[in-house]
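# Predicted structure and sequence below. I'll ask about it afterward.
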Amino acid sequence: MEKLSDGYGLVEAPVWVAGTGLMYSDVLNGGVFCLAPDGRRTTVFKHRRGIGGMSLHENGA
């Protein structure tokens, strides 16, 4: 197993978004993040706690 990133409390809800990367949430510390295929990590939503599940909308959002 390869560590892709660190510094989170409890990572949940991984969703692969084609052309974007791996979206995931940090339930304890809050936030939704994206790990791009090139290794860049970006914040999608800051400090939003309690997100424990994600899915793509039918239009791809």
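Ah, there it is.
# Could you look up the SS state of the nearest residue to Trp16 once chain neighbours are set aside?
Nearest residue to Trp16 in three dimensions, chain neighbours excluded: Leu22, at 5.7 Å (CB to CB, 6 or more residues apart in numbering). Every residue, glycine included, has its C-beta placed from N, CA and C. Of the three states, Leu22 takes strand under DSSP: H, G, I helix; E, B strand; the rest coil.
# Leu22 bridge partners, please.
Trp16, Leu35 (DSSP bridges).
# Any regions of this structure where pLDDT drops low?
Scanning the chain for pLDDT under 70 picks out 52, 60-61.
# who touches the residue most central in space within the chain in this structure?
Against the mean C-alpha coordinate of the chain, by CA atoms, centre = their mean, the closest residue is Tyr24 at 1.9 Å. By CB atoms under 8 Å, 6 or more residues apart in numbering, the contact set of Tyr24 is Val11, Glu12, Ala13, Pro14, Val15, Val32, Phe33, Cys34, Leu35, Met54.
# Return the closest of these with respect to Val44.
Val32 (4.2 Å; CB to CB).
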